[in-house]
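In: with the sequence up front, the predicted model follows.
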Amino acid sequence: MKQTVYTASPESQQIHVWSLKHDGALTLVQVVDVPGQVQPMVVSPDKRYLYVGVRPEFRVLAYRIAPDDGALTYTAESPLPGSPTHISTDHQGKFLFSGSYNAGCVSVTRLDDGLPVGVVDNVEGLEGCHSANISPDNRTLWVPALKQDRICLFTLSDDGQLVAQEPAEVTTVEGAGPRHMAFHPNHQYAYCVNELNSTVDVWELKDPHGKIECVQTLDMMPGDFKGVRWAADIHITPNGRHLYACDRTSSLITVFSVSEDGSVLSLEGFQPTETQPRGFNVDHSGKYVIAAGQKSHHIAVYEINGVQGLLEEKGRYAVGQGPMWVVVNAH
Ligand SMILES: O=C1O[C@H](COP(=O)(O)O)[C@@H](O)[C@H](O)[C@H]1O
């Protein structure tokens, strides 16, 4: 398996394309100058395209991915109704979702043979909308509205319409600020990182049409932490055994182990990382974590070790200015 790591640096308007070697080393393949401040990114399910959200002219750009080395070629673009804070796709590659924190909306863009061809739905009134997360069965879109302490649940129709479910939302504790999510590979549990109180909630998906319930909340921060809590990102390993979440004030990645059924998280430790880690990711082999420091202008690669999943730094690399998004593609 070959892997490519993409990092987005909005302040210098660049995407750095890296080859991830089996020993965890990165070698630079390409630096792409993007026509705008590049923020969120996602690879299409068929791995042919990298989609990137840019501003100040809000749009999604599609870059074709070279199958051999992961290099990018600009191919198409389509406008978005608000500043793209987070983008993702459904599992069939028919639709792209863009959550906008500043516009308080989530939009659906149709993908035609992988290329974005226009917005087909837009739901407003989601204050602090921070991500859009399609459920493993491709049926439900989970949309955290950070400023409203709720996660809205929509059914995705065949033509890309978002239909509010019944119940239409689940709520967090007041002031939590739900932000990014990860799903367990067994499809029974989802994990949400809460930005404003730096906690992680474990959500049980009872069945596709049934009750959704928060079954555990864990503090991400060390017991003696006194600063302003400011969590950002969350990812799980492909085998579902290790979960990671980051906080920007402390520049820490919190390490959790996950029970075999996915229902229980245990705090294992803290990994100091690049300054102000806004985005990170886990590679497809489940061996490495790659984190971006928005204030250090570097990324770091960590090896995942042992049953606890603790992290050991393997290397750090200069990227563009203000890096804040990392995606990994396997090909
Ligand atoms: O990380 C954060 O993101 C939101 C929205 O960011 P934007 O890049 O889409 O403008 C930000 O305003 C929030 O305060 C911050 O913590």
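Out: Nice, I can see it.
In: ok, Val29 touching Asp68?
Out: No. Under the contact definition of C-beta atoms under 8 Å, Val29 does not touch Asp68, with a separation of 10.1 Å. Any C-beta I mention is one placed from the backbone N, CA and C, and that applies to glycine too.
In: which neighbours do these two share?
Out: Common neighbours of Val29 and Asp68 are not found (criterion: C-beta atoms under 8 Å, 6 or more residues apart in numbering).
In: so which of these two has more stuff around it?
Out: A count of neighbours by other C-beta atoms under 10 Å puts Val29 above the other of Val29 and Asp68, at 17 against 8.
In: now do the contacts for that one.
Out: Residues near Val29 by C-beta under 8 Å, 6+ apart: 4, 17-19, 69-71.
In: ok, the residue sitting furthest away from the middle of the chain - contacts?
Out: Most distant residue from the mean C-alpha position of the chain: Asp224, 28.0 Å away (C-alpha atoms, centre = their mean). By C-beta under 8 Å, 6+ apart, Asp224 lies in contact with nothing.
In: check the gap between it and Phe270 for me.
Out: Distance check for Asp224 against Phe270: by C-beta to C-beta, to the nearest Å, it reads 11 Å.
In: same check, this time on Asp137
Out: Distance of Asp137 to Phe270, given as C-beta to C-beta: 34 Å.
In: quick one: which of the two has more around it?
Out: Between Asp137 and Phe270, counting by other C-beta under 10 Å, Phe270 is the more crowded of the two (18 against 10).
In: does the more buried one fall in a helix, a strand, or a coil region?
Out: Counting by DSSP: H, G, I helix; E, B strand; the rest coil, the backbone at Phe270 sits in strand.
In: my guess is it meets Pro222, correct?
Out: Yes. Under the criterion of C-beta under 8 Å, Phe270 lies in contact with Pro222, with a separation of 6.0 Å.
In: joint contacts of the two?
Out: Residues touching both Phe270 and Pro222 by C-beta under 8 Å, 6+ apart: Leu252.
In: how far does stretch 61-69 sit from the chain's center?
Out: In terms of C-alpha atoms, centre = their mean, to the nearest Å, the gap separating the centre of stretch 61-69 from the centre of its chain is 20 Å.
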